[in-house]
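Trainee: quick one: sequence and predicted model below, then my questions.
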Amino acid sequence: MSLKDFKNKLLSPYVRWNLIAMVLFVVILFAGLWVWMDRYTMHGESVEVPEVKGMMINDAEYALDDVELVAVVVDSAYVRSQPAGIVLEQKPAPGSKVKSGREIYLTINQKQTPMNTIPDIAGNCSRREAEARLRALGFKIGPIELVPGDHDWVFALKVNGRDVYAGERVPSDAPVVLVVGSSELNTDDELFGDSLESDETEALDGYEEEL
């Protein structure tokens, strides 16, 4: 094939129209992708997150849906002073700028007091260790009750005035009282006992002298 024939075929109407069609196809394809990406990412569009903390969950869902946001309950907690089902926390924070359709994560108040299981502490650890373990498990620590015994050793646990044992479930907001040994109480008892013995001895001696 001569160079002239090759040029004639290359510049023929059939080839030209095919090249034009290919160029148009590529342009349309890229234009379509650009429009789709712009809509998918909603470039330049944002909404302000309303404050729903303190609302009941149904009202919070309605308020978020009204601005095209989605309420998602991801956690719960318990606050005795708040009604069940009220929103305690929200993320992102109120006033944040987010894209339409964004999920807003909510923490709501539980209906019942959560229960915690008493760990195996009594007779197994010191006061400091017991307090650390209880706090790590979410318990509240009440006043310490001292009894005669090894200093700072935990002999028992009490909740609401009664003894509780390992494996028992109690309300997480009920303070746990540690019954802890005190060597000072032992010393006082011994001194008190010695004093009694001394007084009794003196009284007997006086009685014998009178006789």
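Mentor: Right, received. Where do you want to start?
Trainee: who's in contact with the helix or strand hosting Val147?
Mentor: Element membership for Val147 (DSSP states H and E) is strand 145-148. Contacts with strand 145-148, where a contact means C-beta atoms under 8 Å, 6 or more residues apart in numbering, come from Phe155, Lys158, Val177, Leu178, Val179, Val180, Gly181, Ser182, Leu185, Asn186, Asp189. For the C-beta atoms, the positions are set from N, CA and C on the backbone; glycine is no exception.
Trainee: chain center to it: distance?
Mentor: Computed by C-alpha atoms, centre = their mean, to the nearest Å, the chain-centroid distance of strand 145-148 equals 34 Å.
Trainee: for stretch 113-124, same thing?
Mentor: 19 Å.
Trainee: same question for stretch 53-72.
Mentor: Worked out by C-alpha atoms, centre = their mean, stretch 53-72 lies 21 Å from the chain centre.
Trainee: for the record, mean pLDDT for that stretch?
Mentor: In this model, stretch 53-72 has an average pLDDT of 94.
Trainee: same deal with stretch 163-179?
Mentor: pLDDT averaged over stretch 163-179 gives 91.
Trainee: in it, what's buried?
Mentor: Val164, Val170, Pro171, Ala174, Val176, Val177, Leu178, Val179 (16 or more other C-beta atoms under 10 Å).
Trainee: got TSV for those residues, with secondary structure and distance to Val87 too?
Mentor: Below are those laid out as TSV (DSSP: H, G, I helix; E, B strand; the rest coil; distance: C-beta to C-beta, whole Å):
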residue	secondary structure	distance to Val87
Val164	strand	33
Val170	strand	27
Pro171	strand	23
Ala174	coil	26
Val176	strand	30
Val177	strand	34
Leu178	strand	36
Val179	strand	40
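Trainee: now for the residues you listed, which pair is the farthest apart?
Mentor: Pro171 and Val179 (19.3 Å; C-beta to C-beta).
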